[in-house]
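Student: This is a predicted model, with the sequence first.
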Amino acid sequence: MTSVQGLIERATSGDETAWMHLLGQLWDLVTQRVRSSRRMGQLRGSDDDRREVVSRVFARLRRNEFRALRTYTSWRGRHPTKTFDDWLAIVVANVIRTYVAERIGVDGSKRLVNTFAEGWDAHEEGSRPPVTAELTARALLASATELLPSDQLASLRCWLSGKDFSEIASELGWQDATAARSKVRAALARLRREVRES
């Protein structure tokens, strides 16, 4: 099997056969990355959406005479401990973010998460942002389902349903209200990080 680096060099020099070989070598890897990406959210279950994202990844690599692909060499120079797979993961993540934004409107999710996270005074036991209406809470949980680990998701779900931290700790089997509060805060912080990167 020809090395990826060699194929990149030949493809970016105009060798169409090298590009086709590179595409063949990377297709399954990119497909797997898209299939397993939590950033795809509910779109991950759609064959059409997954195929579209994979196609867009390769379109981005080829666009403007392989402009994106040409950046790999300089990127590798700045990150000598990283591999082509690491670089490709960044490209795939960026394409997914753009695609999801087009399909389901990431900007709306970003505003929603920030409203929740900024509106909650974590020092007040029962405080919740004023926007915790049922439909809004449901929308937040829909975004959170694909982004949070199960313990943080469970804590956020309980909190949005109106339970206080003592009730959450009791229901989920945690030590005390402080532990429950920490889980909710961690959930909100992680959501904000995720949408900030989107």
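Tutor: Alright, I've got the coordinates.

Student: Name the residues of stretch 66-74 that come out as buried.
Tutor: Buried positions in stretch 66-74, judged by neighbour count with 16 or more other C-beta atoms under 10 Å: 66, 68-70, 72. Every residue, glycine included, has its C-beta placed from N, CA and C.

Student: meant to ask about stretch 156-164
Tutor: Using 16+ other C-beta under 10 Å as the test for burial, stretch 156-164 gives 156-160, 163.

Student: Using JSON lines, lay out those together with pLDDT.
Tutor: Output for these, formatted as JSON lines (pLDDT from 0 to 100):
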{"residue": "156", "pLDDT": "83"}
{"residue": "157", "pLDDT": "82"}
{"residue": "158", "pLDDT": "84"}
{"residue": "159", "pLDDT": "81"}
{"residue": "160", "pLDDT": "76"}
{"residue": "163", "pLDDT": "81"}
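
Student: Now do the domain split for the chain, please.
Tutor: Domain ranges of the chain: 4-104, 106-197, per automatic domain parsing.

Student: Could you tell me the model confidence score at the residue nearest the centre of the chain?
Tutor: The centroid of the chain falls nearest to residue 39 when counting by C-alpha atoms, centre = their mean (3.1 Å). pLDDT recorded at residue 39 is 81.

Student: try residue 3
Tutor: At residue 3, the model reports a pLDDT of 85.
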